[in-house]
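>>> using only what follows, build the 3D model:
(one chain, ligands or ions: 1)
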Amino acid sequence: MTKPNLLRRLSVRLTLAFLLAATLGVTLVAVLAYRSTASDFQNFVHHLGNMPGMMGGMMGGPAAQASLEFLQNFGRTLWIAGILGVVLAIILGWLFTRQIVAPLRKVSEAARRVAAGDYTQKVDTRGTSELAELGGSFNVMAAALDRDRESRKNLVADIAHELRTPLSVLQGNVEAMQDGVLEASAENLALLHQETLLLARLVEDLRTLSLAESGQLKFNSQANDLKELFSKVVEALRTRFESKNIRLELAAPDRLEPVRVDNLRTEQVIRNLLNNAFQYTPEGGKVVVRLTPDDHGIEASIADSGPGIPPEHLPRVFDRFYRVDRSRARSTGGSGLGLAIVKQLVEAQGGSVRVTSRVGQGSTFFFYLPYS
Ligand code: ADP
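Okay, the predicted model is just below:
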């Protein structure tokens with residue numbers, strides 16, 4: 001953090017730099033002007049003295065005296081001009097320095113207040129100088145910090161909320177068994193086991209997401225055939241889709257250029273999207289997976305014939321813990337982290353995600369992966 005006396009030292013240094021530059025400049029000009037004028041003038045006087053006739057006669061003793069006086073006057077004038085120049089340099093230097101240091105001081109004070117927890121700090125960014133740009137960058141940084149703090153605060157609250165529900169179900173049921181109200185039958189224990197599996201999944205999803213968000217997730221990237229990865233996941237899930245009578249199709253060109261991705265992480269992306277498509281598509285529906293290459297990469301799309309997502313929810317479906325229908329999603333075991341993980345895993349591999357949807361007709365989730 002910039003301390004106030006650092007800025008004071010900067011002011012002094014800048015003013016001294018101005019003064020030094022001005023003194024050197026003025027001294028150089030004065031010395032050169034004096035030297036060249038003195039020698040030229042003496043040559044001139046000498047030349048006149050050697051001239052025959054009246055002029056030559058006059059250029060004897062009095063002329064030498066006049067030349068001396070002229071040079072003395074000239075030297076004095078140079079001194080006065082030099083001193084005035086240096087004084088002017090000090091005044092201008094001080095004014096310029098103030099112009100530079102004042103906005104720096106504002107940024108420094110705002111930074112100190114941000115560090116103390118006041119994220120609403122804004123620096124005046126009027127003007128077009130680099131300092132106004134610095135103020136603009138500072139404001140962007142303060143806003144990003146504010147968003148980050150807000151999202152961390154929400155994250156902790158969301159995690160606490162998500163953990164509380166399965167934990168209270170477990171607690172309530174175990175207590176009921178202890179009191180003899182609920183029979184500790186295999187069936188009831190299986191239900192409790194189901195809740196512990198949900199909890200474990202939630203914790204594992206959170207771990208993946210937080211590692212991905214902080215850039216700590218390891219990616220073992222290799223050239224992969226995206227069609228092969230999709231076929232593998234599609235075939236593994238086919239019986240599940242058939243059990244709900246959902247038609248599952250994969251449409252892709254025969255040959256696709258390889259993409260450099262981590263195959264396990266990319267399989268997880270595909271599985272998350274296909275699991276959602278399965279979950280939200282009603283019996284007898286249809287899910288179409290399509291791979292479309294272009295010059296720079298491959299776009300994968302997973303289109304379902306589910307209920308669709310209302311437009312006001314679309315911008316937020318990739319947010320963590322965001323669910324369109326809260327009660328329904330939880331009852332089906334959704335943590336609200338699946339799409340957030342998809343986004344993180346795709347973006348960490350240089351790709352992008354998007355979604356389009358029409359209520360009553362279905363949703364299509366897209367992700368794009370570049371070739372290299
Ligand atoms: P969840 O574990 O709840 O499915 P996701 O992050 O995978 O969490 O999805 C977030 C929300 O987006 C879901 O709760 C659901 O409301 C909505 N959603 C995701 N995929 C679909 C889909 N294929 N059709 C309709 N809604 C979907």
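>>> CA atoms for contacts and neighbours, from now on please.
OK.
>>> point to the residue nearest the middle of the chain.
Averaging the C-alpha coordinates of the chain gives a centre point, and the residue nearest to it by Cα atoms, centre = their mean is residue 144 (8.1 Å).
>>> quick check: that one is in a helix.
Yes: according to DSSP: H, G, I helix; E, B strand; the rest coil, the state of residue 144 is that of a helix.
>>> distance of it from residue 371?
Distance, residue 144 to residue 371, using Cα to Cα, to the nearest Å: 31 Å.
>>> ok, now residue 258?
Using Cα to Cα, one gets 7 Å for the distance from residue 258 to residue 371.
>>> try residue 5
Taking Cα to Cα as the measure, residue 5 falls 53 Å from residue 371.
>>> compare these two and say which is more crowded by neighbours.
More neighbours surround residue 371 than the other of residue 5 and residue 371, with 19 against 9 (other Cα atoms under 10 Å).
>>> my guess is residue 126 contacts residue 136, does it?
No: the pair residue 126 / residue 136 is not scored as a contact, 9.1 Å apart, by Cα atoms under 8 Å.
>>> neighbour count winner among the two?
Remark: of residue 126 and residue 136, residue 136 carries more neighbours, 18 against 11, as counted by other Cα under 10 Å.
>>> which one is that one nearest to, not counting chain neighbours?
Counting by Cα to Cα, 6 or more residues apart in numbering, the nearest residue to residue 136 once its immediate chain neighbours are dropped is residue 125, at 5.7 Å.
>>> pLDDT on stretch 223-230, on average?
In this model, stretch 223-230 carries a mean pLDDT of 95.
>>> using CSV, write out every CA atom in that stretch.
Coordinates of the C-alpha atoms in stretch 223-230 are reproduced here as CSV (Å, rounded to 0.1, in the frame of the first residue of the first chain):
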residue,chain,number,x,y,z
ALA,A,223,-5.6,-35.1,-28.5
ASN,A,224,-9.1,-36.7,-28.1
ASP,A,225,-11.8,-37.7,-30.6
LEU,A,226,-14.9,-36.0,-29.2
LYS,A,227,-17.1,-38.4,-31.1
GLU,A,228,-15.5,-41.3,-29.3
LEU,A,229,-16.0,-39.6,-25.9
PHE,A,230,-19.6,-38.9,-26.7
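>>> which other residues reach it?
When contacts are taken as Cα atoms under 8 Å, 6 or more residues apart in numbering, the neighbours of stretch 223-230 outside the stretch itself are 252, 256-263, 266-267, 270, 291.
>>> got CSV for those, with pLDDT and secondary structure too?
Formatted as CSV, the entries for the contacts of stretch 223-230 read as follows, by pLDDT from 0 to 100; DSSP: H, G, I helix; E, B strand; the rest coil:
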residue, pLDDT, secondary structure
252, 96, coil
256, 93, coil
257, 94, coil
258, 94, coil
259, 95, strand
260, 94, strand
261, 95, strand
262, 95, coil
263, 94, helix
266, 96, helix
267, 96, helix
270, 97, helix
291, 97, strand
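>>> let me have those in CSV, extended by neighbour count and distance to residue 224.
Formatted as CSV, the entries for the contacts of stretch 223-230 read as follows, by neighbours: other Cα atoms under 10 Å; distance: Cα to Cα, whole Å:
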residue, neighbour count, distance to residue 224
252, 16, 15
256, 17, 10
257, 17, 9
258, 17, 5
259, 20, 5
260, 19, 6
261, 25, 6
262, 17, 8
263, 20, 7
266, 21, 10
267, 16, 11
270, 21, 14
291, 20, 14
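>>> closest one to residue 232 out of these, please.
Each of those was checked against residue 232 using Cα to Cα; the closest is residue 267, at 8.5 Å.
>>> that closest one and residue 236 touch, don't they?
No: in this structure residue 267 lies outside contact range of residue 236 using Cα under 8 Å: 11.2 Å.
>>> joint contacts of these two?
Listed contacts common to residue 267 and residue 236 are nil; contacts here mean Cα under 8 Å, 6+ apart.
>>> pull out the buried positions in stretch 130-143.
Under the neighbour-count criterion of 16 or more other Cα atoms under 10 Å, stretch 130-143 has 131, 132, 134, 135, 136, 138, 139, 142, 143 buried.
>>> same question for stretch 345-361.
Counting neighbours by 16+ other Cα under 10 Å, one finds that the buried residues in stretch 345-361 are 345, 346, 347, 348, 349, 351, 352, 353, 355, 357.
>>> for the nearest residue to the fifth one once chain neighbours are set aside, what are its contacts?
On the basis of Cα to Cα, 6+ apart, the spatially nearest residue to residue 349 that is not a chain neighbour turns out to be residue 261, at 6.5 Å. Residues in contact with residue 261 (Cα under 8 Å, 6+ apart) are 219, 220, 221, 222, 223, 224, 349.
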